[in-house]
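Engineer: based on what follows, work out the 3D shape:
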Amino acid sequence: MPGATTTRLSRLTAVEVDTLAMLTWRLPRKRILISHPYIHPVGGGNAVAAWAIQALLQDYDVTLALLGPIDIAGLNRNFGTSLDEHSFEVRVAPEKYRRLARWMPTQGALFESSLVVRWAKELDRENHFGVILSTQNEADFGRPAIQYIHFPGWYLPRPAVEMKWFHHIPGLLNLYRSICFRFSDVTKEGIRNNLSLANSTFVADRIRETHEGSDPVLLYPPVPGEFPDMDWNARRPAVIAVGRFASYKRWGMALEIVEAVRRKGHDLGFTLVGQIGHPDDVFEKQKLQDLAAERPWFRILTDLTRQQLTEEIASHRYGIHTMENEHFGIAVAELQRAGCITFVHATGGPVEIVGGDPRLTFLTPAEAAEKIAHAVSDEATGRELLGLVQSRRECFSTDRFSHSLREIVAEFERSHPA
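Structural biologist: Numbering: from 1, shown residues only. You can find the predicted model right below:
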């Protein structure tokens with residue numbers, strides 16, 4: 001009986017209470033290994049890794065298998081986590097692994113993933129963790145594990161944005177992939193034995209295509225930050241976009257769309273909040289800055305704190321995302337959480353974020369300009385779209401992600417005892 005239990009506990013002496021607390025404190029905690037090549041303070045995949053650490057610290061002793069150091073202050077600043085360097089263990093791969101990563105003539109995500117998987121397998125042989133979680137796509141750890149897939153590494157053909165000039169050399173891509181798979185000793189069977197988590201139904205479908213028999217679980221990435229609840233009339237009559245200064249984000253197209261809306265008689269501004277995630281992004285940033293210099297209604301903002309970013313997004317009425325076949329699009333979810341009516345390219349994960357409403361998706365700049373102009377000028381349509389945004393604002397919260405991930409890991413551990 002609950003009452004009897006409470007009465008017995010209330011009769012414990014202070015010494016007995018302290019002893020019980022010490023015994024509870026000394027109980028060994030469950031241990032989990034999280035595998036991720038580099039956790040940088042930029043990008044949706046890294047946000048998943050950062051929030052996975054924070055969520056699982058509640059129930060586990062967390063160890064990270066990485067190829068490089070982790071910028072905890074940067075993660076907390078950009079992703080809204082509250083990580084403490086003393087609350088988990090970081091195991092950076094030995095120099096022999098880092099030397100191999102540097103040996104690659106160009107950045108190779110698949111090779112980096114293969115390196116960190118091999119390192120994680122070494123750590124697991126030494127310590128035998130209760131659960132292993134890869135937050136960077138498929139992995140074969142030689143035992144069933146959990147893998148969070150942003151886009152399947154085995155999927156072919158690869159998205160066009162990933163293809164460089166050297167990928168078109170006959171046989172080179174297949175050779176590179178075979179080296180990666182052999183190095184990490186990965187097999188399709190090993191991948192299928194894992195529990196796959198997909199960041200969108202778009203990616204889940206590609207997992208099923210790539211790994212026959214897989215049944216991925218949908219777990220949307222976390223969108224951090226509390227966004228100010230700004231009144232619509234107090235917001236800027238402007239469009240905002242957020243993301244890396246990468247050519248494949250197609251911010252030039254976004255600018256073209258806003259210009260077309262302005263030609264239709266709507267005094268709409270455009271704000272681009274950009275980040276440098278790769279050395280090549282510097283050149284794209286300069287091109288956009290040159291365009292902004294000729295357009296006073298086009299603003300480019302960089303190096304914002306998390307609070308500044310959330311306030312800036314929430315001060316705009318509309319959002320836009322022009323990348324084609326974006327895997328998920330965490331920036332789109334940020335725009336929606338902030339209450340912006342957001343227009344996205346009609347491919348990939350962003351379509352799911354905006355609820356698949358055809359009034360918010362486009363294939364061409366002309367179509368986008370027409371739909372934005374209609375939302376601006378037609379009061380009834382604007383109210384309906386704003387209502388849709390409000391109904392979906394909490395679909396991608398950090399609380400939802402953290403709670404769901406803890407449940408998934410706990411259930412996996414029960415069904416796969418170490």
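Engineer: what domains does the record give for the chain?
Structural biologist: Taking automatic domain parsing as the reference, the chain has its domains at 23-222+398-415, 232-391.
Engineer: span of the last one from start to end?
Structural biologist: Its start and end residues considered, domain 232-391 measures 15 Å (C-alpha to C-alpha, to the nearest Å).
Engineer: how about the secondary structure of residue 98?
Structural biologist: For residue 98, the secondary structure call by DSSP: H, G, I helix; E, B strand; the rest coil comes out as helix.
Engineer: so it makes contact with residue 68?
Structural biologist: Yes: if you go by C-beta atoms under 8 Å, residue 98 and residue 68 touch, sitting 7.2 Å apart. Every residue, glycine included, has its C-beta placed from N, CA and C.
Engineer: can I get the domains of the chain in TSV with mean neighbour count and mean pLDDT?
Structural biologist: As requested, these are exported to TSV (neighbours: other C-beta atoms under 10 Å; pLDDT from 0 to 100):
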stretch	mean neighbour count	mean pLDDT
domain 23-222+398-415	18	88
domain 232-391	19	95
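Engineer: mind listing the helices for the stretch 101-250 of the chain?
Structural biologist: Ranges of helices within the stretch 101-250 of the chain are 109-127, 172-184, 188-192, 201-210, based on DSSP state H, counting those that start in this stretch.
Engineer: how much space separates the residue lying closest to residue 340 once chain neighbours are set aside from residue 375?
Structural biologist: Beyond its immediate neighbours in the sequence, the residue positioned closest to residue 340 (C-beta to C-beta, 6 or more residues apart in numbering) is residue 319, lying 3.8 Å away. According to C-beta to C-beta, to the nearest Å, residue 319 stands 11 Å off from residue 375.
Engineer: report the set of residues contacting both of these two.
Structural biologist: Shared between the contact lists of residue 319 and residue 375 (criterion: C-beta atoms under 8 Å, 6 or more residues apart in numbering) are residues residue 341.
Engineer: show me what the lengthiest strand in the chain is packed against.
Structural biologist: In the chain, with assignment by DSSP state E, the single longest strand is strand 236-244. Packing partners of strand 236-244 (3 or more C-beta pairs under 8 Å, 6 or more residues apart in numbering; DSSP states H and E): helix 251-263, strand 269-275, helix 306-314, strand 316-321, helix 330-337.
Engineer: so can I have a markdown table of those showing distance to residue 368?
Structural biologist: Converted to a markdown table, those look like this (distance: least, C-beta to C-beta, whole Å):
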| stretch | distance to residue 368 |
| --- | --- |
| helix 251-263 | 5 |
| strand 269-275 | 13 |
| helix 306-314 | 19 |
| strand 316-321 | 7 |
| helix 330-337 | 14 |
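Engineer: and for the spatially most central residue of the chain, nearest residue in space, chain neighbours not counted?
Structural biologist: Within the chain, one residue has its C-alpha closest to the average C-alpha position: by C-alpha atoms, centre = their mean, that is residue 44, at 2.5 Å. Among residues not flanking residue 44 along the chain, residue 330 sits closest, at 3.6 Å (C-beta to C-beta, 6+ apart).
Engineer: so that neighbour touches residue 50, yeah?
Structural biologist: No: taking contact to mean C-beta under 8 Å, the distance of 11.9 Å between residue 330 and residue 50 leaves them out of contact.
Engineer: would you map the strands across the protein?
Structural biologist: If you assign secondary structure with DSSP E, the strands in the chain sit at 30-35, 60-66, 89-92, 131-134, 146-149, 195-198, 217-218, 236-244, 269-275, 298-302, 316-321, 341-345, 361-362.
Engineer: among those strands, which is nearest residue 173?
Structural biologist: Using C-beta to C-beta as the measure, strand 146-149 is the one of those that comes nearest residue 173, at 20.1 Å.
Engineer: what helices or strands is the closest one leaning on?
Structural biologist: strand 131-134, strand 195-198, helix 398-415.
Engineer: let's see 10 Å
Structural biologist: If contacts are counted by 3 or more C-beta pairs under 10 Å, 6 or more residues apart in numbering; DSSP states H and E, strand 146-149 sits against strand 30-35, helix 44-56, strand 131-134, strand 195-198, helix 201-210, helix 398-415.
Engineer: in TSV, list the ones you listed along with distance to residue 230.
Structural biologist: Formatted as TSV, the helices and strands packed on strand 146-149 follow (distance: least, C-beta to C-beta, whole Å):
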stretch	distance to residue 230
strand 30-35	36
helix 44-56	23
strand 131-134	37
strand 195-198	33
helix 201-210	30
helix 398-415	20
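Engineer: which one of these lies nearest to residue 350?
Structural biologist: With C-beta to C-beta as the criterion, residue 350 lies closest to helix 201-210 of the helices and strands packed on strand 146-149, at 9.0 Å.
Engineer: with just CA atoms, put the closest one into CSV.
Structural biologist: Coordinates of the C-alpha atoms in helix 201-210 are reproduced here as CSV (Å, rounded to 0.1, in the frame of the first residue of the first chain):
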residue,chain,number,x,y,z
THR,A,201,9.6,10.5,-43.9
PHE,A,202,11.5,11.6,-46.9
VAL,A,203,14.7,10.0,-45.5
ALA,A,204,12.8,7.1,-44.1
ASP,A,205,11.6,6.2,-47.6
ARG,A,206,15.2,6.3,-48.8
ILE,A,207,16.4,4.1,-46.0
ARG,A,208,13.8,1.5,-47.0
GLU,A,209,15.0,1.7,-50.6
THR,A,210,18.6,1.3,-49.6
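Engineer: if we ignore the residues flanking it in sequence, what's nearest residue 89?
Structural biologist: Excluding its sequence neighbours, the residue lying closest to residue 89 (C-beta to C-beta, 6+ apart) is residue 63, at 4.5 Å.
Engineer: tell me how far the one you found lies from residue 414.
Structural biologist: When distance is defined by C-beta to C-beta, residue 63 is 21 Å away from residue 414.
Engineer: residue 122 too?
Structural biologist: In this view, residue 122 and residue 414 are 27 Å apart by C-beta to C-beta.
Engineer: kind regards, and thank you for your time.
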